[in-house]
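1. what's the 3D shape of this:
(chains A and B)
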Amino acid sequence: MSKKIGVIVFPGSNCDHDAYHAMKQVMNAETRFLWHKDTDLNDIDLLIVPGGFSYGDYLRSGAIARFSPIMNSVISYAEKGNPVLGICNGFQILLESGLLPGAMLHNEKLRFVCKQVHIKVESTRSWFTANLEKGQVLNIPVSHGEGNYFIDENGLNQLEANDQVAFRYCDENGHVSEESNFNGSVSSIAGITNNAGNVLGMMPHPERAMEQILGSGDGKLFFDSVFNRLQLS
Amino acid sequence: MYKAKINITLRKSILDPKGKAAKNALHNLGINSISDVRIGKFVEMDINADSDKQAYELADSACAKLLANEVMEDYQINIEKN
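-> Predicted structure coming up:
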(Lines give C-alpha, C1' and ligand atoms only; values in the text may rest on other atoms or scores of the structure.)
Protein backbone atom coordinates (compact mmCIF):
# COMPACT_ATOMS: atom_id res chain seq x y z
CA MET A 1 0.00 0.00 0.00
CA SER A 2 1.38 3.37 -0.88
CA LYS A 3 1.91 5.73 2.01
CA LYS A 4 0.54 9.25 2.15
CA ILE A 5 2.63 12.07 3.48
CA GLY A 6 1.12 15.36 4.66
CA VAL A 7 3.14 18.58 4.81
CA ILE A 8 1.49 21.36 6.83
CA VAL A 9 1.63 24.89 5.43
CA PHE A 10 1.34 27.79 7.86
CA PRO A 11 1.46 31.43 6.79
CA GLY A 12 5.24 31.95 6.84
CA SER A 13 6.33 28.33 6.33
CA ASN A 14 9.22 28.32 3.87
CA CYS A 15 10.58 24.77 3.93
CA ASP A 16 7.26 23.23 2.95
CA HIS A 17 8.31 22.87 -0.69
CA ASP A 18 11.68 21.39 0.33
CA ALA A 19 9.83 18.78 2.37
CA TYR A 20 7.37 18.17 -0.48
CA HIS A 21 10.23 17.69 -2.96
CA ALA A 22 12.05 15.34 -0.60
CA MET A 23 8.95 13.19 -0.09
CA LYS A 24 7.48 13.30 -3.59
CA GLN A 25 10.50 13.33 -5.88
CA VAL A 26 13.21 11.65 -3.80
CA MET A 27 11.20 9.21 -1.69
CA ASN A 28 8.54 8.72 -4.43
CA ALA A 29 5.74 8.93 -1.90
CA GLU A 30 2.28 10.30 -2.42
CA THR A 31 2.48 13.72 -0.79
CA ARG A 32 0.09 16.59 -0.27
CA PHE A 33 0.13 19.98 1.36
CA LEU A 34 -2.23 20.58 4.27
CA TRP A 35 -3.29 24.19 4.81
CA HIS A 36 -3.17 25.21 8.47
CA LYS A 37 -6.96 25.59 8.44
CA ASP A 38 -7.49 21.96 7.34
CA THR A 39 -8.47 19.60 10.11
CA ASP A 40 -8.83 16.23 8.38
CA LEU A 41 -5.75 14.00 8.73
CA ASN A 42 -7.53 10.68 8.27
CA ASP A 43 -5.64 9.48 5.18
CA ILE A 44 -2.21 10.70 6.30
CA ASP A 45 0.45 8.13 7.26
CA LEU A 46 3.24 10.57 8.14
CA LEU A 47 2.82 14.20 9.06
CA ILE A 48 5.59 16.75 8.56
CA VAL A 49 5.54 20.13 10.31
CA PRO A 50 8.08 21.99 8.18
CA GLY A 51 10.50 24.83 8.87
CA GLY A 52 10.07 28.52 8.27
CA PHE A 53 8.85 31.54 10.17
CA SER A 54 5.20 30.81 10.83
CA TYR A 55 3.36 34.03 11.68
CA GLY A 56 6.64 35.93 11.40
CA ASP A 57 7.86 34.38 14.66
CA TYR A 58 5.69 36.95 16.45
CA LEU A 59 5.66 36.60 20.24
CA ARG A 60 7.88 33.48 20.17
CA SER A 61 8.76 31.03 17.40
CA GLY A 62 5.82 28.70 16.94
CA ALA A 63 3.68 30.37 19.62
CA ILE A 64 0.90 31.56 17.28
CA ALA A 65 1.03 28.61 14.87
CA ARG A 66 0.32 26.36 17.82
CA PHE A 67 -3.25 27.79 17.84
CA SER A 68 -3.90 27.24 14.12
CA PRO A 69 -7.01 25.11 13.49
CA ILE A 70 -4.96 22.13 12.28
CA MET A 71 -3.02 21.83 15.53
CA ASN A 72 -5.85 20.23 17.52
CA SER A 73 -6.00 17.53 14.84
CA VAL A 74 -2.19 17.18 14.96
CA ILE A 75 -2.30 16.68 18.73
CA SER A 76 -4.96 13.97 18.57
CA TYR A 77 -3.21 12.40 15.54
CA ALA A 78 0.01 12.19 17.59
CA GLU A 79 -1.77 10.95 20.69
CA LYS A 80 -3.16 8.03 18.66
CA GLY A 81 0.44 6.97 18.01
CA ASN A 82 0.80 8.26 14.43
CA PRO A 83 4.18 9.62 13.33
CA VAL A 84 4.75 13.38 13.42
CA LEU A 85 8.03 15.00 12.39
CA GLY A 86 8.76 18.64 13.25
CA ILE A 87 11.73 20.23 11.51
CA CYS A 88 13.20 23.54 12.71
CA ASN A 89 10.19 25.88 13.08
CA GLY A 90 8.12 22.67 13.09
CA PHE A 91 10.11 21.53 16.16
CA GLN A 92 9.42 24.90 17.81
CA ILE A 93 5.69 24.49 17.10
CA LEU A 94 5.68 20.98 18.60
CA LEU A 95 7.37 22.37 21.74
CA GLU A 96 4.82 25.19 22.03
CA SER A 97 1.96 22.73 21.55
CA GLY A 98 3.22 20.55 24.39
CA LEU A 99 3.73 17.45 22.20
CA LEU A 100 7.42 17.65 23.09
CA PRO A 101 8.97 19.01 26.32
CA GLY A 102 11.20 22.09 26.61
CA ALA A 103 11.48 25.44 24.81
CA MET A 104 13.69 27.29 22.33
CA LEU A 105 15.88 30.27 23.19
CA HIS A 106 17.84 32.54 20.87
CA ASN A 107 21.15 31.04 19.81
CA GLU A 108 23.68 31.70 22.54
CA LYS A 109 25.79 33.94 20.31
CA LEU A 110 22.67 35.62 18.85
CA ARG A 111 23.72 34.84 15.27
CA PHE A 112 21.47 33.19 12.74
CA VAL A 113 23.44 30.08 11.78
CA CYS A 114 23.10 28.57 8.31
CA LYS A 115 25.65 25.82 7.61
CA GLN A 116 26.29 22.10 7.34
CA VAL A 117 26.71 20.48 10.77
CA HIS A 118 27.19 16.97 12.06
CA ILE A 119 24.74 15.24 14.33
CA LYS A 120 25.14 11.99 16.17
CA VAL A 121 22.38 9.43 16.52
CA GLU A 122 21.83 8.96 20.27
CA SER A 123 18.77 6.74 20.28
CA THR A 124 17.35 4.25 17.82
CA ARG A 125 14.19 3.70 19.82
CA SER A 126 11.93 6.04 17.82
CA TRP A 127 9.98 5.64 14.60
CA PHE A 128 12.46 7.94 12.91
CA THR A 129 15.80 6.49 13.95
CA ALA A 130 15.01 2.76 14.12
CA ASN A 131 17.16 1.89 11.08
CA LEU A 132 20.04 4.19 11.94
CA GLU A 133 22.86 3.08 14.19
CA LYS A 134 23.58 4.45 17.61
CA GLY A 135 26.64 6.69 17.28
CA GLN A 136 26.16 7.11 13.52
CA VAL A 137 27.17 10.60 12.35
CA LEU A 138 25.01 12.46 9.81
CA ASN A 139 25.97 15.54 7.84
CA ILE A 140 22.85 17.75 7.76
CA PRO A 141 22.37 21.51 7.35
CA VAL A 142 20.96 23.84 10.01
CA SER A 143 19.39 27.23 9.42
CA HIS A 144 18.02 28.96 12.50
CA GLY A 145 18.33 31.89 14.91
CA GLU A 146 16.38 30.29 17.75
CA GLY A 147 17.62 26.74 18.14
CA ASN A 148 19.11 26.94 21.60
CA TYR A 149 17.15 24.09 23.18
CA PHE A 150 16.28 24.59 26.83
CA ILE A 151 14.88 22.21 29.40
CA ASP A 152 15.37 22.29 33.17
CA GLU A 153 17.48 19.71 34.98
CA ASN A 154 14.56 17.48 35.96
CA GLY A 155 13.27 17.53 32.41
CA LEU A 156 16.69 16.65 31.02
CA ASN A 157 17.05 13.74 33.47
CA GLN A 158 13.68 12.48 32.33
CA LEU A 159 14.64 12.76 28.64
CA GLU A 160 17.82 10.80 29.32
CA ALA A 161 16.09 8.19 31.46
CA ASN A 162 13.46 7.57 28.76
CA ASP A 163 16.01 7.55 25.92
CA GLN A 164 14.27 10.52 24.26
CA VAL A 165 17.38 12.35 23.04
CA ALA A 166 17.49 11.44 19.34
CA PHE A 167 20.40 13.57 18.08
CA ARG A 168 23.26 15.65 19.49
CA TYR A 169 25.45 18.17 17.66
CA CYS A 170 28.97 16.78 17.21
CA ASP A 171 32.07 17.12 15.05
CA GLU A 172 32.71 14.98 11.98
CA ASN A 173 34.15 12.22 14.14
CA GLY A 174 31.11 12.08 16.38
CA HIS A 175 32.78 13.91 19.24
CA VAL A 176 30.33 16.06 21.22
CA SER A 177 31.97 19.20 22.61
CA GLU A 178 31.26 22.80 23.53
CA GLU A 179 32.68 23.79 20.16
CA SER A 180 30.33 21.57 18.16
CA ASN A 181 27.37 22.90 20.20
CA PHE A 182 27.18 26.07 18.10
CA ASN A 183 23.81 27.33 19.39
CA GLY A 184 24.26 26.63 23.11
CA SER A 185 21.60 23.91 23.45
CA VAL A 186 21.28 22.11 26.78
CA SER A 187 23.40 18.96 26.54
CA SER A 188 24.09 19.66 22.80
CA ILE A 189 20.58 18.44 21.97
CA ALA A 190 19.67 18.68 18.26
CA GLY A 191 16.51 16.54 18.31
CA ILE A 192 14.21 14.80 20.78
CA THR A 193 11.27 12.42 20.66
CA ASN A 194 8.22 12.05 22.84
CA ASN A 195 8.16 9.14 25.25
CA ALA A 196 6.20 6.91 22.85
CA GLY A 197 8.74 7.55 20.07
CA ASN A 198 6.20 8.58 17.39
CA VAL A 199 6.86 12.34 17.57
CA LEU A 200 10.28 13.74 16.69
CA GLY A 201 11.44 17.35 16.69
CA MET A 202 14.82 18.35 15.27
CA MET A 203 16.47 21.66 14.38
CA PRO A 204 18.64 20.31 11.48
CA HIS A 205 16.99 19.94 8.06
CA PRO A 206 17.13 16.35 6.74
CA GLU A 207 14.83 17.38 3.85
CA ARG A 208 17.63 19.64 2.58
CA ALA A 209 20.15 16.80 2.53
CA MET A 210 18.45 14.36 0.19
CA GLU A 211 20.79 14.43 -2.80
CA GLN A 212 24.59 14.29 -2.81
CA ILE A 213 24.71 16.86 -5.60
CA LEU A 214 23.16 19.39 -3.20
CA GLY A 215 25.82 18.83 -0.53
CA SER A 216 24.77 15.75 1.41
CA GLY A 217 22.56 12.72 1.01
CA ASP A 218 22.49 11.87 4.72
CA GLY A 219 18.95 13.19 5.14
CA LYS A 220 17.83 10.36 2.89
CA LEU A 221 19.29 7.81 5.35
CA PHE A 222 17.05 9.40 7.95
CA PHE A 223 13.93 9.23 5.76
CA ASP A 224 14.78 5.67 4.63
CA SER A 225 14.56 4.77 8.29
CA VAL A 226 11.19 6.52 8.67
CA PHE A 227 9.82 4.84 5.53
CA ASN A 228 11.03 1.40 6.59
CA ARG A 229 9.11 1.80 9.80
CA LEU A 230 6.07 3.07 7.86
CA GLN A 231 6.07 0.00 5.58
CA LEU A 232 6.04 -2.21 8.66
CA SER A 233 3.05 -0.47 10.16
CA MET B 1 -12.40 49.06 31.76
CA TYR B 2 -9.01 48.03 33.08
CA LYS B 3 -5.52 48.23 31.67
CA ALA B 4 -3.09 45.37 32.26
CA LYS B 5 0.62 46.12 32.01
CA ILE B 6 2.62 42.94 31.76
CA ASN B 7 6.37 42.37 31.92
CA ILE B 8 7.65 39.09 30.51
CA THR B 9 11.29 38.17 31.15
CA LEU B 10 13.44 35.10 30.79
CA ARG B 11 13.61 33.16 34.03
CA LYS B 12 16.47 34.26 36.28
CA SER B 13 18.27 30.93 35.90
CA ILE B 14 18.43 31.28 32.10
CA LEU B 15 21.22 33.13 30.33
CA ASP B 16 19.76 36.08 28.39
CA PRO B 17 21.98 36.46 25.27
CA LYS B 18 20.32 39.74 24.18
CA GLY B 19 20.76 41.27 27.65
CA LYS B 20 24.37 40.11 27.74
CA ALA B 21 25.10 41.62 24.30
CA ALA B 22 23.46 44.91 25.35
CA LYS B 23 25.50 44.95 28.58
CA ASN B 24 28.73 44.47 26.62
CA ALA B 25 27.75 47.31 24.26
CA LEU B 26 26.99 49.58 27.24
CA HIS B 27 30.41 48.75 28.69
CA ASN B 28 31.96 49.64 25.31
CA LEU B 29 30.24 53.02 25.64
CA GLY B 30 31.99 53.46 28.96
CA ILE B 31 28.92 52.93 31.16
CA ASN B 32 30.69 50.37 33.31
CA SER B 33 28.58 50.63 36.44
CA ILE B 34 25.75 48.65 34.77
CA SER B 35 26.45 45.15 36.01
CA ASP B 36 23.54 43.21 34.51
CA VAL B 37 20.97 43.71 31.74
CA ARG B 38 17.89 41.54 31.19
CA ILE B 39 15.73 42.19 28.14
CA GLY B 40 12.10 41.12 28.03
CA LYS B 41 8.74 42.01 26.55
CA PHE B 42 6.19 44.56 27.67
CA VAL B 43 2.52 43.91 26.85
CA GLU B 44 -0.32 46.36 27.43
CA MET B 45 -3.93 45.17 27.21
CA ASP B 46 -7.33 46.81 27.68
CA ILE B 47 -9.68 44.46 29.49
CA ASN B 48 -13.43 44.60 30.03
CA ALA B 49 -14.00 43.22 33.50
CA ASP B 50 -16.20 43.83 36.55
CA SER B 51 -13.39 44.08 39.08
CA ASP B 52 -9.63 44.36 39.21
CA LYS B 53 -9.53 40.80 40.52
CA GLN B 54 -11.38 39.56 37.44
CA ALA B 55 -9.15 41.66 35.16
CA TYR B 56 -6.09 40.13 36.83
CA GLU B 57 -7.42 36.62 36.38
CA LEU B 58 -8.10 37.25 32.68
CA ALA B 59 -4.61 38.68 32.15
CA ASP B 60 -3.09 35.80 34.07
CA SER B 61 -4.87 33.26 31.90
CA ALA B 62 -3.77 35.13 28.73
CA CYS B 63 -0.16 34.96 29.92
CA ALA B 64 -0.31 31.30 30.89
CA LYS B 65 -2.00 30.22 27.65
CA LEU B 66 -0.22 32.36 25.08
CA LEU B 67 1.77 35.45 25.98
CA ALA B 68 4.46 33.75 28.07
CA ASN B 69 6.09 30.35 27.85
CA GLU B 70 6.50 29.26 31.43
CA VAL B 71 9.19 26.76 30.53
CA MET B 72 11.57 29.68 30.10
CA GLU B 73 9.77 32.90 31.04
CA ASP B 74 8.34 34.62 34.14
CA TYR B 75 5.68 37.30 33.98
CA GLN B 76 4.45 40.01 36.24
CA ILE B 77 1.04 41.71 35.86
CA ASN B 78 -0.03 45.16 37.01
CA ILE B 79 -3.71 46.09 36.73
CA GLU B 80 -4.78 49.75 36.50
CA LYS B 81 -8.29 51.20 36.33
CA ASN B 82 -8.86 53.22 33.14
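
2. which residues in chain A form strands?
-> In chain A, the segments counted as strands under DSSP state E are A:4-9, A:30-35, A:46-49, A:84-87, A:103-105, A:113-121, A:137-144, A:148-150, A:165-170, A:189-193, A:199-202.

3. and the pLDDT at the residue located most distally from the centre of chain B?
-> Note on chain B: the largest C-alpha distance from the chain mean falls to B:G30, namely 27.4 Å (C-alpha atoms, centre = their mean). As predicted, B:G30 sits at a pLDDT of 95.

4. that one and A:G174, how far apart?
-> With distances taken as C-beta to C-beta, to the nearest Å, B:G30 is found 46 Å from A:G174. The way it works is simple: take the backbone N, C-alpha and C, and place the C-beta from them, glycine included.

5. how many other residues sit next to the residue of chain B found nearest chain A?
-> At 3.9 Å from chain A, B:V71 is the closest residue in chain B, using C-beta to the nearest C-beta. Neighbourhood size, B:V71 [other C-beta atoms under 10 Å in any protein chain shown]: 19.

6. report the contact partners of the residue nearest to it when sequence neighbours are not counted.
-> Excluding the flanking residues, the one nearest B:V71 by C-beta to C-beta, 6 or more residues apart in numbering or on different chains is A:A103, at 3.9 Å. Residues near A:A103 by C-beta atoms under 8 Å, 6 or more residues apart in numbering or on different chains: A:95, A:149-151, B:69, B:71-72.

7. and the residues you listed as JSON lines, adding pLDDT and distance to A:N107?
-> Converted to JSON lines, these look like this (pLDDT from 0 to 100; distance: C-beta to C-beta, whole Å):
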{"residue": "A:L95", "pLDDT": "97", "distance to A:N107": "16"}
{"residue": "A:Y149", "pLDDT": "97", "distance to A:N107": "11"}
{"residue": "A:F150", "pLDDT": "96", "distance to A:N107": "12"}
{"residue": "A:I151", "pLDDT": "97", "distance to A:N107": "16"}
{"residue": "B:N69", "pLDDT": "95", "distance to A:N107": "17"}
{"residue": "B:V71", "pLDDT": "93", "distance to A:N107": "17"}
{"residue": "B:M72", "pLDDT": "94", "distance to A:N107": "14"}
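
8. check those against B:A22 and report the nearest one.
-> B:M72 (18.5 Å; C-beta to C-beta).

9. hmm, A:I189 is touching A:Y149, no?
-> Yes. Assessed by C-beta atoms under 8 Å, A:I189 is found in contact with A:Y149 at 4.7 Å.

10. buried residues of stretch A:20-34, list them for me.
-> Residues of stretch A:20-34 classed as buried: A:20-24, A:27, A:29, A:31, A:34 (neighbour count, 16 or more other C-beta atoms under 10 Å in any protein chain shown).

11. and the next element down the chain from the worst-scoring helix or strand of chain B on mean pLDDT?
-> Ranked by mean pLDDT, DSSP states H and E, the weakest helix or strand in chain B is helix B:17-28, scoring a mean of 93. Using DSSP states H and E, the helix or strand that follows helix B:17-28 towards the C-terminus is strand B:41-47.

12. so A:A22 versus chain B, what's the distance?
-> 30 Å (C-beta to the nearest C-beta, to the nearest Å).

13. give me the pLDDT value at that residue.
-> 96.

14. for it, which non-adjacent residue is spatially closest?
-> What sits nearest to A:A22 in space, not counting adjacent residues and going by C-beta to C-beta, 6+ apart, is A:E207, at 4.0 Å.

15. who's in contact with that neighbour?
-> Going by C-beta under 8 Å, 6+ apart, A:E207 touches A:15, A:18-19, A:21-23, A:48, A:50, A:87, A:219, A:223.

16. repeat that with 10 Å
-> Counting by C-beta atoms under 10 Å, 6 or more residues apart in numbering or on different chains, A:E207 touches A:7, A:15-23, A:26-27, A:48, A:50-51, A:85, A:87-88, A:140-141, A:219-220, A:222-223.

17. how much space separates it from chain B?
-> From A:E207 to chain B the distance is 26 Å (C-beta to the nearest C-beta).

18. where does chain B dip in pLDDT?
-> Applying pLDDT under 70 to chain B picks out no residues at all.

19. chain A contacts on that one?
-> B:8, B:10-11, B:13-18, B:20-21, B:41, B:43, B:65-73 (C-beta under 10 Å from any C-beta of the partner chain).

20. pLDDT-wise, which helix or strand of chain A ranks last?
-> That would be, for chain A by mean pLDDT, DSSP H and E, helix A:218-232 at a mean of 89.
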